[in-house]
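Engineer: From the sequence below, what's the structure:
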Amino acid sequence: MDLSAFSGPAFWAALLSIIVANILLSGDNAVVIALASRNLPSHQQNKAIFWGSAAAIVLRVVLTITAVQLLTLPYLKIIGAILLLYIGVQLLADSGEEEEMHGHSNIWGAIRTILIADLVMSLDNVLAVAAAAQKGPEETRLALLIIGLGLSIPLIIFGSTMLLKIMDRFPVIITLGAGLLGLLAGGMLVEDPAIKDSIQVAMEDSHMIFEGIGVAIVILVGTYLKKKNASKPA
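Structural biologist: All right, here's what the predicted structure looks like:
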């Protein structure tokens, strides 16, 4: 393996994209973890949070590796790009509605709830991280996935409360993050094996054009829906 690939700008740009995507998309997962373990005795809460988060991250690594392999098939990157656009729009337009979740009085029940909820909620993370990993050198993609997703463990366990407060104070972070998902979606779409060659022949700067379109769609549609939601009577 060429170790120089791990020090190049493409590797670090892809790793940064994975970290940013995880920061933005792990907030809901962190809330679920807190809610699921809130009824536990205090001496068990940290154990439930740690083991539930660790199990969820391992599951997410497996799902993301699978997603990266599937994205080599024709048309799946187009589908993934559309889903990423939807996720980016929803991130920006989120009306702040909270889902109810009951706490558990035993540690295994809490861990089970954390794992199931994270599995259901991790589609956004998996797609975003898989798309970001695709931007890195091919020989480093597995390492990018493991490093980037591994960083989610301390992020979810220790950083979620602070992160949510920062986002409340500086909403522009959410807009920038949503734009990043649009950029990843545009890049993913133009790399689909079914259309890659024809698009790159037709457009010399196809990557830049489609990434720009992705950013514009997410920010414009997301901002419109956010304003529309805000104007609705309570």
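Engineer: could you pull out the helices for this protein?
Structural biologist: Applying DSSP state H to the chain gives helices spanning 9-25, 27-37, 42-70, 76-93, 107-121, 123-134, 141-150, 152-158, 160-169, 172-190, 196-202, 206-231.
Engineer: can you put these in a markdown table and add mean neighbour count and mean pLDDT?
Structural biologist: The C-beta positions use only the backbone N, C-alpha and C, and glycine is treated the same way. Supplementary listing: the helices of the chain in a markdown table, determined by neighbours: other C-beta atoms under 10 Å; pLDDT from 0 to 100:
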| stretch | mean neighbour count | mean pLDDT |
| --- | --- | --- |
| helix 9-25 | 19 | 79 |
| helix 27-37 | 22 | 63 |
| helix 42-70 | 17 | 77 |
| helix 76-93 | 21 | 86 |
| helix 107-121 | 18 | 70 |
| helix 123-134 | 26 | 76 |
| helix 141-150 | 19 | 78 |
| helix 152-158 | 18 | 66 |
| helix 160-169 | 13 | 61 |
| helix 172-190 | 23 | 85 |
| helix 196-202 | 12 | 87 |
| helix 206-231 | 17 | 92 |
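Engineer: distance of the most centrally placed residue in the chain from residue 107?
Structural biologist: Relative to the mean C-alpha position of the chain, the nearest C-alpha, by C-alpha atoms, centre = their mean, is the one of residue 125, at 2.8 Å. With distances taken as C-beta to C-beta, to the nearest Å, residue 125 is found 24 Å from residue 107.
Engineer: swap in residue 87?
Structural biologist: On the measure of C-beta to C-beta, residue 87 and residue 107 end up 32 Å apart.
Engineer: same deal with residue 227?
Structural biologist: As judged by C-beta to C-beta, residue 227 and residue 107 stand 43 Å apart.
Engineer: ok, now which ones touch residue 42?
Structural biologist: Applying C-beta atoms under 8 Å, 6 or more residues apart in numbering to residue 42 gives no contacts.
Engineer: Could you shift the numbering so residue one becomes 43, and keep it that way?
Structural biologist: From this message on, residue numbering opens at 43, which makes the last subject residue 84.
Engineer: Not counting sequence-adjacent ones, nearest residue to residue 125?
Structural biologist: Closest residue in space to residue 125, ignoring its immediate chain neighbours: residue 169 at 5.7 Å, by C-beta to C-beta, 6 or more residues apart in numbering.
Engineer: Can you name the residues that contact the one you found?
Structural biologist: Residue 169 neighbours (C-beta under 8 Å, 6+ apart): 109, 122, 125-126, 129.
Engineer: what's the closest of these to residue 97?
Structural biologist: residue 109 (18.6 Å; C-beta to C-beta).
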